[in-house]
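Visitor: one predicted model, sequence on top.
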Amino acid sequence: MEPDQLMRVYERLLARFGPQKWWPARSPFEVMVGAVLTQNTAWTNVEKAIRNLRAAGLLSARKLVGAPRDVVAELVRPSGYYNVKADRLLSFARWFWERYGGRVSAMRGATQELRAELLAVRGIGEETADSMLLYALGRPVFVVDAYTRRVLVRHGLLGAKAPYSEVQRFFEERLPRDASLYNEFHALWVALGKDVCRPSPRCEVCPLRECLPDRVCAT
DNA sequence: ACCCAGGTGGCCC
DNA sequence: GGGCCACATGGG
């Protein structure tokens, strides 16, 4: 696909779904907490967990590091995998506190260096790291998730087993390196995945058809 | 009673 | 280095 073609897809999605206003959060730290909690989980459940953490006053690295594991687990219970996620939140909070004093403004390094640091934290994989970089730090990193894959694979634009880095490159090598664009584009792609490009698809109304006349949705 | 949701790490071969 | 598996709640 040509770069200008992908930009037209973006315009079409924006016209269809409107601005998505991601990431819904009150602070960059809350974005990072949400990025962990939303792993394979519906966002509505994450909202409940974040409300619990806020009510307990734990939405800062300083407070979170001092919280007992079982207390955190109980608070994040609505988001599922609550034992796993309590450990992941605490390992992230410990790293963030010790490495950066719990201050997002201290994360000034090169994007790829920061990415490597994040990936070294237990419970932070590629999507979570990239979500933090883009939505908490405003770095131009395109986020890849299950929706992104599904839409691309269905339209035959990528193989089903394409690794994360390849899916990411698909967007980054065709788009200007612009964090605002990546922000909105990823969110719109999720909107598309939730709407017509569901597991049980309604491809007859897929807005991509107008931009990709040579592509036929596979399912 | 199913299926799905803004993944990740461990273990196996 | 890929293929399974556990992890768990809440909504359709």
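Guide: Alright, I've got the coordinates. If you're wondering where the values come from, they're calculated on a predicted model, not measured in any experiment.

Visitor: please name the nearest non-neighbouring residue to the residue of chain A found nearest DNA strand B.
Guide: For chain A and DNA strand B, the shortest gap (C-beta to the nearest atom of the strand) falls at A:G125, measuring 2.4 Å. Placement of C-beta: from N, CA and C, glycine included. With sequence-adjacent residues excluded and distances taken as C-beta to C-beta, 6 or more residues apart in numbering, A:G125 is closest to A:L119, at 7.2 Å.

Visitor: cool, and A:K48?
Guide: A:P78 (3.8 Å).

Visitor: pull the contacting residues for the one you found.
Guide: When contacts are counted by C-beta atoms under 8 Å, 6 or more residues apart in numbering, A:P78 is found next to A:N45, A:K48, A:A49, A:N52.

Visitor: just the closest of the residues you listed to A:A191, please.
Guide: Closest approach between these and A:A191, by C-beta to C-beta: A:N45, at 18.7 Å.

Visitor: DNA strand C contacts on chain A?
Guide: A:40-42, A:44-45, A:48, A:77-85, A:161, A:163 (C-beta under 7 Å from any atom of the strand).

Visitor: separate out the buried members of those.
Guide: The neighbour count (16 or more other C-beta atoms under 10 Å) marks A:T41, A:N45, A:R77, A:P78, A:S79, A:G80, A:Y81, A:Y82, A:K85 as buried among those.

Visitor: now for the helix or strand containing A:V84, which elements pack on it?
Guide: Assigned by DSSP states H and E, A:V84 falls within helix A:82-100. Here helix A:82-100 touches helix A:28-37, helix A:61-65, helix A:69-75, going by 3 or more C-beta pairs under 8 Å, 6 or more residues apart in numbering; DSSP states H and E.

Visitor: give me whichever of these is most buried.
Guide: Stretch with highest mean neighbour count among the helices and strands packed on helix A:82-100: helix A:28-37 (a mean of 24; mean count of other C-beta atoms under 10 Å).

Visitor: so how far is A:G18 from the residue of chain A found nearest DNA strand C?
Guide: Relative to DNA strand C, the nearest point of chain A is A:G80 (2.6 Å; C-beta to the nearest atom of the strand). Relative to A:G18, A:G80 is positioned 29 Å away (C-beta to C-beta, to the nearest Å).

Visitor: where does chain A come near DNA strand B, residue by residue?
Guide: Contact residues, chain A versus DNA strand B (C-beta under 7 Å from any atom of the strand): A:22-24, A:34-35, A:38-43, A:45, A:80-81, A:84, A:121-129, A:131, A:135, A:145-147, A:190, A:193-194, A:198-200.

Visitor: for the closest residue in space to A:K85 that isn't next to it in sequence, give me its contacts.
Guide: Nearest residue to A:K85, sequence neighbours excluded (C-beta to C-beta, 6+ apart): A:V76, at 5.2 Å. Counting by C-beta under 8 Å, 6+ apart, A:V76 makes contact with A:L37, A:A49, A:N52, A:L53, A:Y82, A:K85, A:A86, A:L89.
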